[in-house]
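Visitor: Pasting the sequence and the predicted coordinates here, then a few questions.
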Amino acid sequence: MILQFAWKNIGRNKVRSAVILLAITLGLTASVFAVAFMNGMINQKVEDTIRIEMTHLQINTQKFIDENEIEDVLADSILESRIRSIPEVIGVSPRILLTVMAATSHKTGGAQVVAIDPEKEKQVSRLYTCIPDSLGNFFSENIPNSIVVGRKFAEKYQVQLHSKIILSFVNLEEEQVSAAFRICGIFHTNNPAYEEAKMFIRANDARALTGIKADSIHEMAIQLTNNKDKTVAKVQTQITPMLPNGVEIRNWKEISPIMGVYTGFMQIELMIIVAIILFALGFGIVNANLMSVLERKQELNMLMAIGMNRKKVMQLIVTESTILTLLGGFWGMLIGLAIALATGKTGIDVSASLGSYQQLGIATIIHPLITFNQFVIIAVMVVIIGILSAIFPARMATKP
Amino acid sequence: MTKEEQDSIIEINNLSKIYQEDAEVVKALDNINLNINKGEFTAVVGPSGSGKTTLLNMIGGLDKPTSGTVAVDGMDVTKLSIDDLINFRRDHVGFVFQAYNLIPVLTAKENVMFVMDLQGIPTQQSSVRAIKLLKNVGLGDRINARPNKLSGGQQQRVAVARALASKPKFILADEPTANLDGKSAETLLDIMEKMNEEENMTFIFSTHDPRVMQKARRIITLEDGKIVR
């Protein structure tokens, strides 16, 4: 009876009900889209970090992590094949890492060289896809002493494709070594700091210059099938017993705690934004309910006069509010989801308004994304808001 | 116990209601003593402000007295809590208001069923009774009409059917004919008189209407909160 009566009451003032419905629908559309947009930003950053800059897991000697010395190497021959046999592992790339002075005809500065086997590196990093056709390639031609640098580096050091760069570093004998490299590719990412600091050469060239043996590396980068914390932890646990003493395996959050903090902060920011939208919406619903209740005060008193107890009157008002909130919430979430899915495919170019975010490594084309859990959390919050925002007006209605 | 005491359905003893308005004290009811027996067709009359509506509100448990008691079937309703009073009204009192006060979004039948639903009577049962009551008040062909599609007289007849729906001990009707034209008022009074005669239903009216006074078998006259006749 309450449900039927509440439904009929909603139809009583069609304009007001329509306005409330519209407000809730718009609020929820905005909430779902805000979540999807922010999530897209976070996801893109995490994805870029893992798939381009960092990989899911990295193995180094503890000493190399602490001191970053060229002689702190680990042997990769058996380890690499054992790690490759883990089903969740899609790629393993042994790396030699060198801290160098890079000099061009315009500028000299520090950088980190990642010396790799290009084919193996392609298994763990999408960086090779970040080189526009006009800016070369990722070691496609077998030319010795080729180097791939970032766009920001190229801008700052005023070099271009095929320009020469002199790299100077200390070899295993602790002698200063210099060698000339020619740029074979210039990569573009969403992270200018990464573009400026990282450069890539072939491992063979690095070995020839440093004296590091064929089976020795500084780092083993491992890429997994997915980004789930559970998968990462599982593989990390599986690999740990394979490692000799003094060798550590770290996941991407351990390698870059700032990224963990960053994604955590973004999630909090996301929830605060949604809470603010829903809170404001809640006040709107309270106001509308209050108007509806005060307009009907005489009728509600009459209902109590003929025997409708206060609990039932409260139920009636809460039901009316909940129906409206659920209806508006349903449409709002549906529209929000549709917009998120549509823009998720095409992406939204925010370079005009959020261009400065690129300095933080955030893409300027955002692909909104919403997870099932986030969707369910918003749905639950909508129901709670619907009920809570009716309680005060309902209490007012039943006040003797 | 006399026959009259046995049949007494409402016993009012030393009932007073005083309103304090700033420095002014208004005695709406002043030491009322009154018994109403089952099956009475009673009109409470008197000039405006004489306390008619206040008296009906006290009997119906809509308001609390300053002092005195109102016993319905031996139960002192002045001692009941707000929630118990609501249940008391639902189960024991039928109300007919001057302004009909039907629920605008419900049909005539649903309005009549409403109180029975509150009593927890199954829908099928309450539906059958609602149709029967609406037929009894001459609205068998308007059961699915909403109040805005009914005339004032028809709405008040639905209100009477609603008041009877819960099988109350008595019906309180506050100026039931005040908003009706002569013919509608006559029809309504005939219906209520018929209910009183056939079902021994107790009716208590407050009224200014001479037609109601003419039909009433007992007239209680109030002046300045006191029963004068």
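Guide: Noted; the coordinates are in hand.
Visitor: Touching, A:Ala379 and A:Gly336? I think so.
Guide: No: A:Ala379 is not in contact with A:Gly336 according to Cβ atoms under 8 Å; the separation is 11.2 Å. For glycine as for every other residue, the C-beta is placed from the backbone atoms N, C-alpha and C.
Visitor: Looking only at neighbour counts, state which of the two leads.
Guide: Neighbour count, other Cβ atoms under 10 Å in any protein chain shown: between A:Ala379 and A:Gly336, A:Gly336 has more, with 26 against 16.
Visitor: The more buried one contacts A:Thr29, correct?
Guide: Yes: counting by Cβ under 8 Å, A:Gly336 does reach A:Thr29; the two are 4.3 Å apart.
Visitor: Find the residue closest to B:Thr107 in space, skipping its chain neighbours.
Guide: With Cβ to Cβ, 6 or more residues apart in numbering or on different chains as the criterion, B:Thr107 has its nearest non-adjacent residue at 4.9 Å, and that residue is B:Asn144.
Visitor: check contacts around the closest residue to chain B within the stretch 251-400 of chain A.
Guide: Relative to chain B, the nearest point of the stretch 251-400 of chain A is A:Gly307 (2.3 Å; Cβ to the nearest Cβ). When contacts are counted by Cβ atoms under 8 Å, 6 or more residues apart in numbering or on different chains, A:Gly307 touches B:86-87, B:89-91, B:115, B:118-119, B:166.
Visitor: now those residues in TSV, with secondary structure and neighbour count?
Guide: As requested, the contacts of A:Gly307 are exported to TSV (DSSP: H, G, I helix; E, B strand; the rest coil; neighbours: other Cβ atoms under 10 Å in any protein chain shown):
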residue	secondary structure	neighbour count
B:Ile86	helix	24
B:Asn87	helix	16
B:Arg89	helix	26
B:Arg90	helix	20
B:Asp91	helix	15
B:Val115	helix	27
B:Leu118	helix	22
B:Gln119	coil	15
B:Ser166	coil	24
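Visitor: Intersect those residues with the contacts of chain A.
Guide: The residues of those that also fall near chain A, by Cβ under 8 Å from any Cβ of the partner chain, are B:86-87, B:89-91, B:115, B:118-119, B:166.
Visitor: any chance of those residues in TSV, plus pLDDT?
Guide: TSV is the format used below for the ones next to chain A among the contacts of A:Gly307 (pLDDT from 0 to 100):
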residue	pLDDT
B:Ile86	93
B:Asn87	93
B:Arg89	95
B:Arg90	94
B:Asp91	93
B:Val115	92
B:Leu118	93
B:Gln119	93
B:Ser166	91
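Visitor: and the residues you listed as TSV, adding distance to A:Ile86?
Guide: What follows is these, written out as TSV (distance: Cβ to Cβ, whole Å):
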residue	distance to A:Ile86
B:Ile86	70
B:Asn87	70
B:Arg89	75
B:Arg90	71
B:Asp91	74
B:Val115	72
B:Leu118	67
B:Gln119	69
B:Ser166	75
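Visitor: quick one on the thing from earlier: mind checking how far the residue of the stretch 251-400 of chain A closest to chain B is from B:Thr78?
Guide: Noted for A:Gly307: a distance of 18 Å to B:Thr78, by Cβ to Cβ, to the nearest Å.
Visitor: Same question for A:Val382.
Guide: 46 Å.
Visitor: Which one of the two is surrounded by more residues?
Guide: Counted by other Cβ under 10 Å, A:Val382 and B:Thr78 do not tie: A:Val382 has more neighbours, with 25 against 17.
Visitor: Next up, the contacts around residue 68.
Guide: You didn't say which chain, so I picked chain A. Contacts here follow Cβ under 8 Å, 6+ apart; on that basis A:Asn68 touches A:97, A:99.
Visitor: that's the wrong chain, I wanted chain B
Guide: B:12-16, B:31-32, B:78.
Visitor: In CSV: those, plus distance to chain A, secondary structure and pLDDT.
Guide: Below are these laid out as CSV (distance: Cβ to the nearest Cβ, whole Å; DSSP: H, G, I helix; E, B strand; the rest coil; pLDDT from 0 to 100):
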residue, distance to chain A, secondary structure, pLDDT
B:Ile12, 20, strand, 96
B:Asn13, 24, strand, 95
B:Asn14, 25, strand, 95
B:Leu15, 20, strand, 95
B:Ser16, 21, strand, 95
B:Asn31, 26, strand, 93
B:Ile32, 21, strand, 94
B:Thr78, 15, helix, 93
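Visitor: Any of those buried? List them.
Guide: Listed as buried from the contacts of B:Gly68 are B:12, B:15-16, B:32, B:78; burial here means 16 or more other Cβ atoms under 10 Å in any protein chain shown.
Visitor: Pull the most distant pair out of the residues you listed.
Guide: Farthest pair in the buried ones among the contacts of B:Gly68 (Cβ to Cβ) is B:Ile32 and B:Thr78. Separation: 12.5 Å.
Visitor: downstream neighbour of the helix or strand hosting B:Ala71 in the secondary structure list?
Guide: Taking DSSP states H and E as the criterion, B:Ala71 maps to strand B:67-72. Later in the chain than strand B:67-72, the nearest helix or strand by DSSP H and E is strand B:75-76.
Visitor: Give me the contact list for that next one.
Guide: Contacts to strand B:75-76, defined as Cβ under 8 Å, 6+ apart, come from residues B:69-70, B:88.
Visitor: Most neighbours among these, which one?
Guide: Neighbour counts for these peak at B:Val70, which has 23 neighbours (criterion: other Cβ under 10 Å).
Visitor: On the three-state scheme, the closest residue to chain B within the stretch 1-150 of chain A is what?
Guide: In the stretch 1-150 of chain A, the residue that lies nearest chain B is A:Lys8 (3.9 Å; Cβ to the nearest Cβ). Secondary structure, DSSP: H, G, I helix; E, B strand; the rest coil: A:Lys8 is helix.
Visitor: Hmm, it is touching B:Leu106, no?
Guide: Yes: here A:Lys8 reaches B:Leu106: they are 6.7 Å apart, a contact under Cβ under 8 Å.
Visitor: after the lengthiest strand in chain A, next one along is what?
Guide: Longest strand of chain A, by residue count under DSSP state E: strand A:89-103. The first helix or strand that comes after strand A:89-103 along the chain, using DSSP H and E, is strand A:108-116.
Visitor: Can you name the next helix or strand after that following strand?
Guide: Moving toward the C-terminus from strand A:108-116, the next helix or strand (DSSP H and E) is helix A:118-124.
Visitor: got a list of contacts for that following helix?
Guide: By Cβ under 8 Å, 6+ apart, the residues outside helix A:118-124 that reach it are A:55, A:90-95, A:127-128, A:138-139, A:200, A:202, A:221-223.
Visitor: Which of those are buried, as a PyMOL select command?
Guide: Applying 16+ other Cβ under 10 Å to these, the buried members can be selected in PyMOL as follows:
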select buried, chain A and resi 55+91+92+93+94+95+127+128+138+139+200+202+221+222+223
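Visitor: Render the CA-only coordinates of the helix or strand where A:Glu155 lies in PDB, please.
Guide: Using DSSP H and E, A:Glu155 falls within helix A:151-156. Provided in PDB are the C-alpha atoms of helix A:151-156 (Å, rounded to 0.1, in the frame of the first residue of the first chain):
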ATOM      1  CA  ARG A 151      61.400  14.400 -27.300                       C
ATOM      2  CA  LYS A 152      62.100  16.600 -24.300                       C
ATOM      3  CA  PHE A 153      65.800  15.800 -24.400                       C
ATOM      4  CA  ALA A 154      65.900  16.500 -28.100                       C
ATOM      5  CA  GLU A 155      64.300  19.900 -27.600                       C
ATOM      6  CA  LYS A 156      66.500  20.800 -24.700                       C
END
